[in-house]
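1. I would like to see how this sequence folds:
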Amino acid sequence: IGVAGAGQEIQTRPFQLFTCRTWKGTAFGSVKGRTQLPGYVENYLQGQIELDRMVTHTMPLEDINTAFDLMHEGKSIRSVIIF
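-> Okay, here's the model as predicted:
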């Protein structure tokens, strides 16, 4: 769960393949940006999707390095950069 660093590998025991386990990877949650994202935005604007409580930090572009530091330290859920 989450994003692995560049060059990292996933390891498992071969027996896990015989217990019907499935690994599935996606990029950006498998959202099709051009066709699905506008609908998500509309749902948010209508109050059908609650995103605001997931934003733990809002900061100007000048503080983007601080946002990365917070992310790497596990001290933020989602930071929004205003530019």
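2. and the top helix by length along the chain, how far out from the chain's middle?
-> Looking across the chain with DSSP state H, the single longest helix is helix 33-45. Taking the mean of its C-alpha atoms, helix 33-45 sits 16 Å from the chain's own mean (Cα atoms, centre = their mean, to the nearest Å).
3. now do stretch 48-62
-> That offset, for stretch 48-62, works out to 13 Å (Cα atoms, centre = their mean).
4. same deal with stretch 47-58?
-> 13 Å.
5. show me which positions of it end up buried.
-> Neighbour counts using 16 or more other Cβ atoms under 10 Å place residue 57 of stretch 47-58 among the buried residues. All C-beta atoms are positioned from the backbone trio N, CA, C, and that covers glycine.
6. residue 59: neighbour count?
-> 14 (other Cβ atoms under 10 Å).
7. can you tell me which helix or strand it belongs to?
-> Element membership of residue 59, judged by DSSP states H and E, is strand 57-60.
8. and if you look at residue 50?
-> Counting by DSSP H and E, there is no helix or strand that carries residue 50.
9. how near is it to residue 44?
-> Residue 50 sits at a distance of 8 Å from residue 44 (criterion: Cβ to Cβ, to the nearest Å).
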